[in-house]
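> Build me a structure from this.
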Amino acid sequence: MRKILAFTLLCMSCGGFPRNGSIARPEYLLLAGLIGNASTLVPRFLYIGSSAGTISGYRIDPATGLGTNLGTVASPGSTPFSMAVDSQSKFLYISCGGTCLKGYSIDSSSGSLTEISGSPFAFAGTNIGSVVVRAGDTNLYATDNMVAGQVFSYSINQSSGALTNIGNNTAGQNP
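All right, here's what the predicted structure looks like:
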């Protein structure tokens with residue numbers, strides 16, 4: 001069974017995630033890994049979102065844990081705020097403020113990203129915040145950071161990576 005290891009690291013010297021969409025420099029990372037089994041977590045790629053509106057990629061050497069720079073692998077045009085990888089490590093999704101919800105297919109050999117057909121996907125909320133894919137799930141969840149406090153659910157097409165909105169739930173103010 002393949003497991004996914006994905007987490008966001010916050011820059012402690014810059015106070016973590018920026019508030020109210022104000023971003024001065026790259027402040028967070030997403031580790032997106034193709035994993036062997038539950039007992040041997042071996043990340044393959046590291047993606048870094050930048051305030052310049054780009055995503056840089058690194059190939060991770062499983063023996064040393066060191067990364068080889070792949071350069072800029074995507075340019076979403078806005079600062080990536082949050083990133084999530086689907087449970088099969090085939091697709092990377094990003095939120096970049098406002099109603100920006102983009103998806104990319106991940107080339108499992110090179111780590112390069114290609115924008116998914118139909119991306120950016122419609123976000124019915126006001127200001128997208130975090131995106132999350134639960135391990136083993138085929139859904140993506142996206143928060144609305146405004147007072148409405150909604151969490152939107154999307155079904156992930158397992159072939160194309162396209163997202164379909166399947167509903168939303170109230171989660172309280174600023175989920």
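> Please give me every residue in contact with the residue lying closest to residue 145 once chain neighbours are set aside.
Residue nearest to residue 145 in three dimensions, not counting chain neighbours: residue 129, with 3.8 Å by C-beta to C-beta, 6 or more residues apart in numbering. Any C-beta I mention is one placed from the backbone N, CA and C, and that applies to glycine too. Neighbour list for residue 129: 81, 82, 95, 142, 143, 144, 145, 175 [criterion: C-beta atoms under 8 Å, 6 or more residues apart in numbering].
> out of those residues, which one sits closest to residue 44?
residue 82 (20.5 Å; C-beta to C-beta).
> can I get the contacts of residue 129 in CSV with distance to residue 164 and pLDDT?
What follows is those, written out as CSV (distance: C-beta to C-beta, whole Å; pLDDT from 0 to 100):
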residue, distance to residue 164, pLDDT
81, 22, 85
82, 20, 89
95, 17, 91
142, 13, 91
143, 18, 88
144, 18, 84
145, 22, 76
175, 21, 58
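> between these, which is nearest residue 67?
Nearest to residue 67, judged by C-beta to C-beta, of these is residue 82 at 21.0 Å.
> I'd like to know how many residues surround the closest one.
21 (other C-beta atoms under 10 Å).
> Could you pull up the residues touching it?
With C-beta under 8 Å, 6+ apart, residue 82 has these contacts: 8, 94, 95, 129, 130, 131, 132.
> on that earlier part again, for the helix or strand harbouring the residue nearest to residue 145, which strands pair with it and how are they oriented?
Residue 129 is located in strand 128-132, with elements delineated by DSSP states H and E. Strand 128-132 sits in its sheet next to strand 139-144 (antiparallel), going by DSSP bridges.
> most distant residue from the middle of the protein?
For the chain, the residue at maximal distance from the C-alpha centroid (C-alpha atoms, centre = their mean) is residue 63, at 25.2 Å.
> From residue 48, how far out is that residue?
Going from residue 63 to residue 48 by C-beta to C-beta, to the nearest Å gives 22 Å.
> Relative to the whole chain's centre, how far out is the strand holding residue 129?
Averaging C-alpha positions (C-alpha atoms, centre = their mean, to the nearest Å) puts strand 128-132 8 Å from its chain's average.
> Flag the shaky bits of this protein, pLDDT-wise.
1-43, 146-148, 171-175 (pLDDT under 70).
> if I look at the residue positioned nearest the centre of it, how far off is residue 115?
To find the centre residue of the chain, average its C-alpha atoms and take the closest one (C-alpha atoms, centre = their mean): that gives residue 83, at 1.6 Å. Distance of residue 83 to residue 115, given as C-beta to C-beta: 14 Å.
> swap in residue 156?
For residue 156 relative to residue 115 (C-beta to C-beta), the value is 15 Å.
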